[in-house]
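Trainee: here's a sequence, model it:
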Amino acid sequence: MHSFLKASATALALLSAASVSYAQEAGPRTLAPRTLSPAGSEAKTVPDVTPVAVKTISGGINVQSLDQVSTESLGVLSGRKAFPSTMWSGTDRPLVEAMLQKLPTRPSAPYLRILQRRLLLSAAQPPKGRSGEKSLLSLRAAKLAEMGQTQDVISLINSAPKDERNNDLAILETEALLLNNEISKACALAAANFAASQDSFWVKTMAFCRMLAKQKDQAMLSLSLLRESGDSDPTYYNLMDALNNGERGKVDHLADPKALDLALINANKAVLSKEVRASDDPIMLAFLTKAGDVQAIQKAVEHNIASVDFLRETFKRIQFNKEELTDSLSAAQNFEDPLKAQALLYQVSAKPKQLDVIRTETMSLAFELAKTNGTFFSIARLYRPMIKDVRRSIDLLWFAPKAMRALLAAGDWEAAKSWYLMLRNAAFTDSEAAKTWTAIRPLAVFAGFDVATEAVNQTLYGWWKAQPEKPTSFAKASHIFSIADGLGLNVADRLWLELMDGPTLPARQVPKAGIWVKMDKAAMAGRVGETVLMALQGLGHQNTAHMNSTFIRDVLFALRSVGLERDARALAVETALQAGF
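Mentor: Numbers count the residues shown, from 1 in each chain. Have a look, this model is predicted:
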C-alpha cells in the first residue's frame, strides 16, 4: 500500500490547489452553522446553540480565562453559551476520550442535541492523563461530523492555527466541505495534503476531483492501482465507474454514508433506493434535506438537524384541490400520508388574513396528528410564529393548553407562559378552564411558571386525583413525579405511597452498566463536563419517554448539582412532552 501511495503521489503531483477547476453544477443548498438553512438565509461564523427564544432556559455559565492555551483547549463558544473552561477538572483523560466517541449521533431530544453541541464546542482545559492516538480536538470534530454538523466541524477546526492541524483534522475539514458542496475548496485542501500523507482518503478524493476536472484517465489509473492494493469500497468505486462512463449511478445499500459517497451521488445524480432514503443517519438526513426529500426533511427538522424553514417551504409547494382546501379538517384526517395532511393544514393556517378561529382549529388538528406520528417538535417549531400572532381571548381558552405545549416544544417559553397565565386566570371562575388548568399545570411547574412550594403540592396532587384509575395512569405518574423530584420539587409522601400501592409497572430502558454510577459520582464531585458526558451517553438515542423514570430523575438532579438548573428544566419539559403530556 505504501509503495502504491508513493507512486500515486508522483503521478498526481501536478495537481495543485490552483489547478483543480471544473464547471460545478448548481448543487443543493448548503448547511447553516447550527442547522440546515434554506437558500437565502445568512450563514453565521459561530453557531448559536441556544434554542429559539430560550432566554428563560439558556445556561448562564461564565467561561473563565484559560491558564494555558493549547490546541486541545480551543473552542468556538464562550460566555453564556459555553460550559466553564474548567469543566474537565478532576476527570481522567482516557475516560473522556472513550466516552466522546460513544456519544449518540442523534440525541433523543432536541435540547439534548443542543447540550451535546455545547459540550463539544466549548473551549476548555483538556483533562489530565495519558492521551490516546487522536487529539481531543479531533475527537470532538469527528463527533460533530457524525452528528451532521458540518459547519460546526469547520468552525472548530478553523479555531486551531493552521500549522497545528494534523491529518485527522484535514480529512474532517475536507469531508465537511464536500458535504457543504464546497467542492473547489475541498479539492484544494486535498491537493495540499495529498503528497504529505499516506492515507487512501486523499487518493480517492484527488481521483474524484480529477474526474470532475475532466482528467478521467488519470483518475481511473490511480483508482485501479488502489483497487489492486486491496482497497474495498464498493459504493465509491461503483459511483466513480458510473461517473466515468457518463451514467447515473444506483445505490441500493449505504449503511455508513461517507462524504465522498454523497459527493459522488450528488455529482452524477445517482438513484437511491427506498432503503437508503429511509436512513436515520444524520449525515444522510442532511444530504437528503438539501436535495428536497420530503420524508428526510421532516426527520431532520424533528431531530433539530435542519432549519424549520425547509419544512415550511416544502409544505408550501404541495398542491391541493379546491375541495381539500375548503374542507381541510376532514381532508387532512382522511389522508393516508401524514406529511400531506400536515401540508394541507399548514397552507390553510398560513393563508393571509386567515381568521383566528379557523387558524387555531387547523393548528390544533396539526398538533394532534403530530403527536400521533412522532413529529410534534418539528410541527411546533413550524407554527411558533403563527401562534404568537394569534390574539389571545376568552373565546380561545380551549386552545391555550395546545398553544402552551407547542410553544414550550418550540423553545419560546415566554410566549407559552402568556397562554398559561390566561388559562390560570380563567380557571378561578370557569369550571372547564379549571379542569384544563389542572391537567396542564405540572408542565407549567416544570417550566418554572409556578414555583411556590404550596403551588407545587396543589399541582401534583390535583393532577393525580384527576387521573383515571388504570395502570397507564400509574406509569405516567411515576414519570411526572420522578421529573418533579429531579428538579428539586417536593412530591408529597402520600403521592409516593399511592404509587407504591399501585400495580407493578413494566420495566423501562436503563443505561449500560457504570454510566449511571459515574454520572452520579461526577455530579456529587462537581465535575461539569463528566456529568454532562455521562448523562448524554446514558440517554443515548432512546426516547426519554421510554427511559427508566429513576434514571431521568437522577439526570435532572445531576445537571442541577453542577449548576445547570435551566438546562435541567429544559430537559424536564421536553421529557414530559415526549411522554405525551
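Trainee: so for the residue nearest to residue 400 when sequence neighbours are not counted, what's the pLDDT?
Mentor: Excluding its sequence neighbours, the residue lying closest to residue 400 (Cβ to Cβ, 6 or more residues apart in numbering) is residue 423, at 4.1 Å. (C-beta placed from N, C-alpha, C; glycine too.) Per-residue pLDDT puts residue 423 at 95.
Trainee: just the element for residue 423, please.
Mentor: Assigned by DSSP states H and E, residue 423 belongs to helix 413-427.
Trainee: hmm, back to that, and the residue nearest to residue 400, how many neighbours does it have?
Mentor: 25 (other Cβ atoms under 10 Å).
Trainee: wait, what's in contact with it?
Mentor: Counting by Cβ atoms under 8 Å, 6 or more residues apart in numbering, residue 423 makes contact with 397, 400, 401, 404, 433, 436, 437, 440.
Trainee: can you tell me how far it is from residue 396?
Mentor: To residue 396, residue 423 is 10 Å away according to Cβ to Cβ, to the nearest Å.
Trainee: residue 536 too?
Mentor: Counting by Cβ to Cβ - residue 536 and residue 396 are separated by 39 Å.
Trainee: may I ask you to confirm that residue 243 is in contact with residue 211?
Mentor: Yes - Residue 243 is within contact range of residue 211, at 5.5 Å (criterion: Cβ atoms under 8 Å).
Trainee: can you pull out the helices in the stretch 201-350 of the chain?
Mentor: 216-228, 234-244, 259-267, 274-277, 282-291, 294-302, 308-317, 322-326, 328-334, 338-349 (DSSP state H, counting those that start in this stretch).
Trainee: compare those helices and give me the one nearest residue 152.
Mentor: Ranking the helices of the stretch 201-350 of the chain by their distance to residue 152 (criterion: Cβ to Cβ) puts helix 282-291 first, at 11.8 Å.
Trainee: format the CA atom coordinates belonging to that closest one as CSV.
Mentor: Taking Å, rounded to 0.1, in the frame of the first residue of the first chain, the C-alpha atoms of helix 282-291 are listed here in CSV:
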residue,chain,number,x,y,z
PRO,A,282,-27.7,12.5,10.4
ILE,A,283,-25.3,12.9,7.6
MET,A,284,-27.7,11.2,5.1
LEU,A,285,-30.6,13.2,6.5
ALA,A,286,-28.7,16.4,6.0
PHE,A,287,-27.9,15.5,2.4
LEU,A,288,-31.4,14.4,1.6
THR,A,289,-32.8,17.5,3.1
LYS,A,290,-30.7,19.7,0.9
ALA,A,291,-31.9,17.6,-2.0
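Trainee: so that helix versus helix 259-267, what angle?
Mentor: When axes from the mean of the first three to the mean of the last three Cα atoms, to 10 degrees is applied, the directions of helix 282-291 and helix 259-267 differ by 20 degrees.
Trainee: next, the angle helix 308-317 makes with helix 282-291.
Mentor: 40 degrees.
Trainee: which helices and strands does helix 282-291 pack with?
Mentor: Other elements packing on helix 282-291 under the criterion 3 or more Cβ pairs under 8 Å, 6 or more residues apart in numbering; DSSP states H and E are helix 136-146, helix 167-179, helix 259-267, helix 294-302.
Trainee: in CSV: these, plus mean neighbour count, distance to residue 279 and mean pLDDT.
Mentor: CSV is the format used below for these (neighbours: other Cβ atoms under 10 Å; distance: least, Cβ to Cβ, whole Å; pLDDT from 0 to 100):
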stretch, mean neighbour count, distance to residue 279, mean pLDDT
helix 136-146, 23, 13, 95
helix 167-179, 23, 15, 95
helix 259-267, 23, 11, 95
helix 294-302, 24, 8, 92
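Trainee: for these, give me CSV that also has distance to residue 549.
Mentor: As requested, the helices and strands packed on helix 282-291 are exported to CSV (distance: least, Cβ to Cβ, whole Å):
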stretch, distance to residue 549
helix 136-146, 28
helix 167-179, 38
helix 259-267, 40
helix 294-302, 24
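Trainee: mind checking which of those is nearest residue 130?
Mentor: That would be helix 136-146 among the helices and strands packed on helix 282-291, by Cβ to Cβ, at 12.5 Å.
Trainee: please save the CA atoms from that closest one in PDB.
Mentor: Output in PDB follows, covering the C-alpha atoms of helix 136-146 (Å, rounded to 0.1, in the frame of the first residue of the first chain):
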ATOM      1  CA  LEU A 136      -9.200  15.800  21.900                       C
ATOM      2  CA  LEU A 137      -9.900  18.400  19.100                       C
ATOM      3  CA  SER A 138     -10.000  15.600  16.500                       C
ATOM      4  CA  LEU A 139     -12.400  13.500  18.700                       C
ATOM      5  CA  ARG A 140     -14.700  16.500  19.200                       C
ATOM      6  CA  ALA A 141     -14.700  17.400  15.500                       C
ATOM      7  CA  ALA A 142     -15.300  13.800  14.500                       C
ATOM      8  CA  LYS A 143     -18.400  13.500  16.700                       C
ATOM      9  CA  LEU A 144     -19.800  16.800  15.400                       C
ATOM     10  CA  ALA A 145     -19.200  15.400  11.900                       C
ATOM     11  CA  GLU A 146     -21.200  12.200  12.800                       C
END
